[in-house]
Structure formats: C-alpha cells, structure tokens
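# Here is my input; please provide its structure:
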Amino acid sequence: MSEKAMSERERDVLFWESLTKDERHELMATVIRRSIAFQIRANRDSRGWTQAKLADMAGTRQSVIARYENPEGGEISVDALNRIARAFDVALIIRFTSFSEWVKAYSGDLETLSYDQELTVQP
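Residues are numbered from 1 along each chain as shown. The predicted structure is shown next:
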C-alpha cells in the first residue's frame, strides 16, 4: 500500500506498533505534559491574564504558574489542575483510554471557553 493511499488511522497504527511499551508511555507523558503547559498558557493569554493573576485565581504563586507553563517544567498534580480549571471556569477531563483515542484527543484546540463564554456562543 502506498503512503498516499494509507489512511490516517493506518499510519497511526503503524506508528504506535513501531514503539515499545516504554516508548509509547514515555511519548504519551511528554505530549501530555507539553499539552498541559500550552493549554494553560493559551487559556491565560486568551483571557488577557498575567501569570500573577492566574496564580492569584488558582491560589498559588506566579513562579508556580511559570513552571506549569514550561513544557519541560516537571509534574503537575491533579489538585493543581483542578484549581487552574476552576480559575478558568472550565471542566477538566482525566480518563483512561486507548492510544488511538488519545491521539485524537490531543489534536484539538488548546483554548477553552469559560462557562460564561460558552453560554453566549450560538450553536
């Protein structure tokens, strides 16, 4: 089968099959960490907030927000994610899923509408 004739799903399957279990999980952890950092920054920027304002809203320090926004910044707890979601007034989804579903989930937008913004959007 030629590369052009191969579907996106087939390419994803071949890619994931080429990795060992450890490589899959290391890649997943890296992508999730970076995605969280970029989402925090994108949501903060879209609201016109400084790191200090987000820190105040989330009950933490500006230096902590700076670390969370750094794609190489290290670990972030579920509690911290909940506090940031509350500050942005958005939902937080954490669930176990297949790798193919995970790939789909991490290919979307980084910005999220707050609850109040969502109410004003027309379907």
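
# Low-confidence stretches in this structure?
Low-confidence segments of the chain (pLDDT under 70): 1-5, 106-111, 122-123.

# hmm, 80 instead?
1-14, 16, 99-113, 115, 118-119, 121-123 (pLDDT under 80).

# Look up how far Ile32 lies from Trp71.
For residue 71 the amino acid is Pro, not Trp. 11 Å (CB to CB, to the nearest Å). C-beta: built from backbone N, CA, C; applies to glycine.

# ugh, wrong one, Leu119
To Ile32, Leu119 is 29 Å away according to CB to CB.

# Which one of these two is surrounded by more residues?
The neighbour comparison of Leu119 against Ile32 (other CB atoms under 10 Å) goes to Ile32, with 14 against 8.

# Could you report the neighbour count for Ile36?
Residues within reach of Ile36, counting by other CB under 10 Å, total 19.

# residues contacting the closest residue to it other than its chain neighbours?
For Ile36, ignoring the flanking residues on the chain, the nearest one in space by CB to CB, 6 or more residues apart in numbering is Ile76 at 6.2 Å. Residues in contact with Ile76 (CB atoms under 8 Å, 6 or more residues apart in numbering) are Arg33, Ile36, Tyr68.
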